[in-house]
Structure formats: structure tokens, C-alpha cells
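Asker: Mind folding the following:
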Amino acid sequence: MTIKKYSVFILLAVYAVVATIVIFVFNGTGGEGDSITHFLFARYAPVHPELFFDHWAKPVFVLLSSPFAQFGFNGIKVFNVLVSMLTIYFTYRIACKLNLKNEILSAIFLIFSPLYFILTFSGLTEPLFALFVALGIYFALKEKYLAAAIIISFLPFIRSEGLIIIGIFGFYFLLKNNRKSILLLLTGHIVYSLAGYFIYHDILWVFTKIPYNNLGSPYGHGDLFHFFNELIYVTGVPGYVLFWTGYLFIIFKIFKRSVSLELVILIFLGFSAYFTAHTLFWYLGIFNSMGLKRVLIGVMPLIAIISLTGFDFITGILIKNLLLKRVIGVLIIIYVMIFPFLHNPASVNWKKDMMLTEKQKIAKNISGKLADKKAAGHRFVFSDPYLSLALNIDYFDTEKRIELTNDYLKHVKSGDIIIWDNWFSKTQLNISRKEISQNSKLQNILSAESADNKEIMFLVYQAK
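Answerer: Predicted structure coming up:
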């Protein structure tokens, strides 16, 4: 084998070493809310089997990540690192199967996309979604359509947007006149409908329990061009330019009829449908959309392939001089690789993105001060999921922890330890500081807030 054939494995080996260092040096969680909560579902699913069938938590993600989550949050980071390594490899293999030039760059574009790198070290579901998308496309390119259909059929149980990708594959199989594969796109729903029946006693739970099946959102709505603007924070500046160059180049090739069906449908149309759907969800304020840029991580393999076509256009067609092609090509690659380390709003902020937040540090400090209350067997009442991680309390064991709600405050249980925070408790559950401080059934035993940010605050009470 030549060095070119070994290149992807060399790249993955280096990536593995860097990822290992990052896990042990940086203690961040990739977010304060969903990242932690997904970890908690995976961590405690073996104790509460019904969590393996929770639609919000995503059953396939919980199933695959749960063994890793037993080793703590670093365990789920290891899981997502392994997932990302597989995604990088199969994205590279997709580029090879599509006969694209400079195929190794598809892996490099993926690795050096700032947000993709950051969220690899989280408990979020987007990296696993990206892997299944890459696997489905890879097997389709190998003409193993049945395997591709089965893999893609489980996407909605990693993220709900999987239904969009299922539609794309259904269209592709229709064009291929492969009806058997179309039917196999139902596999995931059939398997989980039957398995989850024993939990919900409802064969249609995969539809009735979807948490996003409403034409509304408590998070409001936003600008139509929101995701166009946010994409630059996903890919970084050089990746953004390469992506849109490649996107327009593919459109040109479509009109010239000089592009493969797979590149058009599975890559170009796959991204376009996914991107358009999220754009409309946020613009119209439907399906609980929050306009989060991280959703685009789910189609990072497609973004990387389209970016590669942009690179090949610039260095293979746009520039004619051979020496200039090589110089420009090398400069672009260098820019892509150093961009995450630059002081740019779209680069990686190593302190902010990769370390515990100020709020998490305060929560961790509070948890240490409440160790005696935990040892004494007091039940905890709180909303911030990180407190469960800091206190090492089973988030789902109602004998040890329950949610802080307005209803609970009407039926306070003596001895409970109540922790109010000014984000999850105040903003998401609408419990004001005044409301909890004036509750005569509660006694304040601890307060903590950030010296630099008055918006970060915890108040700890014990029920009389």
C-alpha cells in the first residue's frame, strides 16, 4: 500500500491521540443543558429500563452510549470520539466512492470544523446522527441498498430530523426502482414500536410520544437567513467559503448533467432538504425549534463532501496554472487547519467551549458543601441537570431527586433540599426568586453567585 492509502489511518491515529489529550486536559461538557441530560439518560438507563425508550433522549443513542456513560462524563466523550472517528473514516470512503479528487481532504474538513470538534466532547446526539448518515450513504454507494435502508431507518431514534433523511433515501430508492429498500426504511419504526410496546402498552408510541409533534414552539421564531449566518460558526470561515463554492458548482454540474445521481440526491439534495427544513422550522417557530446551529452537525459528512467539491473546483478548474493550483491548494489547506486556533468568533474558544462554565463551577462548589445533606439521606429538588452530575445523584430516582416546579412548592416535604437557579428554575420553569424566597415553608441555608456575572445565581433552601 502507498502512503496515500495509509493517509486516512495516519490522520485518525493523530486524531485519537489529540482527542485523548483533550478529554483529560479539558473538563467541559459541550453545553449546560441537553448535553448533560442526554448523558444522564444514558448513565441511568440500566437502572431505569424505560429510559431506553424515551423519545426525547433518543433510544438508539441511549442504547449505544449507555455502556460508555457508566464511566462518567468522560466515558460519553470517549463514545462520541469513537463515533466521530468512524464518521471521519466513512466520509473519506464516500469521497473515494464518488471518485472525487483529493479525497483525504474530506476527512480534514470534518476534523477541523470548529463546532464539530467541540461537540465531539459532549453528550449530544448530533455526532451519532452524522455517523448513521455517512454509513447509509456509504452502503448505498456500494450498492448494498438493503443495509443502507436499515441503517437510515433508525435515524429518527437518534434525532427526529431523521425523517427528512428517510424521505431523501426513499426518493433515491424510488429512482433506483428498488421497492424492497423503500419498505425496509420502516425497519426502525417497526422494531421500536414492538420493543417499546412493553413499556408504553401502545404500539404507536413511536408517533404518539414524539415531543416535537406540535405546530408551535415556546422558543419563538427567527430570521429566515438565520442558518445561513450560523453555518460559518459550524465550518469556520475557510470551510464556509469552500462549502458554498462547492454547492454552487454542483448546481452548475446538475444543469450540465455531468454529475452522478448519488452526489445529487444523497449529498446535495440531502443537505438542502435538511437545511431548508430547519430554516423553516425556526422561521415559522414550529416543532419546538430553537434555531440552534448545532443541528447542522448531523449532516457534517454532507457538508464536508460538498466543501471538497468546492476545493476541487478552485484548484482543478478555476485556476489554470499548475504551480498556482498547488500553491493555492496548500494555502487553503493550511488555513483550514489553523483556523480553529485563531482568535476568530467562529474558531474554537478553548476556555469557553472546552472547559466547565462559570455556572458549572459554582454548582460543583455548592455540591461539595451539600455532601453532608446527601449523606444524611435528604431528597434534593432542583432543575439544573448538572447538579445531578455534580452531586452524583440518580436524576430519575424520585426518592433522591425530583424536579423543582410550582406544584412542588405547594406541597413541600419537610427535610427536602431545594436548589433554585436563575436559568432552569427561573427561565424554563417560571419560578421567580421572589416566589421561592417568600415561601414560608423554606429556610435559606446557602447562596452563591458569580462575582463577574450577576446572572449566575444559586439559592439553596431546606424545607422546614
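Asker: Quick check: Asp416 touching Val381?
Answerer: Yes. In this structure, Asp416 is within contact of Val381 by Cβ atoms under 8 Å, at 5.3 Å. Heads up, the C-betas are built off the backbone N, CA and C, glycines and all.
Asker: Now for these two: what residues contact both?
Answerer: Shared contacts of Asp416 and Val381 (Cβ atoms under 8 Å, 6 or more residues apart in numbering): none.
Asker: Run through who's touching stretch 207-227.
Answerer: Here stretch 207-227 has contacts from 55-56, 160, 200, 202, 229, 275, 278-279, 281-291, 293, 296, using Cβ under 8 Å, 6+ apart.
Asker: mind running it again at 7 Å?
Answerer: Contacts to stretch 207-227, defined as Cβ atoms under 7 Å, 6 or more residues apart in numbering, come from residues 55-56, 160, 200, 202, 275, 278-279, 282-291, 296.
Asker: I'd like to know how many residues surround Val412.
Answerer: 17 (other Cβ atoms under 10 Å).
Asker: quick one: contacts for it?
Answerer: Here Val412 is in contact with Lys441, Leu442, Ala463 (criterion: Cβ under 7 Å, 6+ apart).
Asker: so what pLDDT did Ile3 get?
Answerer: Here the pLDDT value assigned to Ile3 is 64.
Asker: Show me where the stretch 51-200 of the chain has its helices.
Answerer: Using DSSP state H, counting those that start in this stretch, the helices of the stretch 51-200 of the chain run over residues 59-69, 73-97, 104-111, 114-120, 126-141, 145-153, 162-175, 179-184, 187-200.
Asker: nearest to Ala371, of the ones you listed?
Answerer: helix 73-97 (19.0 Å; Cβ to Cβ).
Asker: From the chain's centroid, how far away is the closest one?
Answerer: 13 Å (Cα atoms, centre = their mean, to the nearest Å).
Asker: Over to stretch 82-100?
Answerer: Counting by Cα atoms, centre = their mean, stretch 82-100 comes out at 19 Å from the chain centroid.
Asker: So which bits of it are buried?
Answerer: Using 16 or more other Cβ atoms under 10 Å as the test for burial, stretch 82-100 gives 82-95, 97-98, 100.
Asker: Stretch 310-323 now?
Answerer: For stretch 310-323, by 16+ other Cβ under 10 Å, it's Gly310, Phe311, Asp312, Phe313, Ile314, Thr315, Ile319.
Asker: okay if I get the residues you listed as JSON lines plus pLDDT?
Answerer: Shown next, in JSON lines, are the buried residues of stretch 310-323 (pLDDT from 0 to 100):
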{"residue": "Gly310", "pLDDT": "97"}
{"residue": "Phe311", "pLDDT": "96"}
{"residue": "Asp312", "pLDDT": "94"}
{"residue": "Phe313", "pLDDT": "94"}
{"residue": "Ile314", "pLDDT": "94"}
{"residue": "Thr315", "pLDDT": "92"}
{"residue": "Ile319", "pLDDT": "81"}
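Asker: That'll do, ta.
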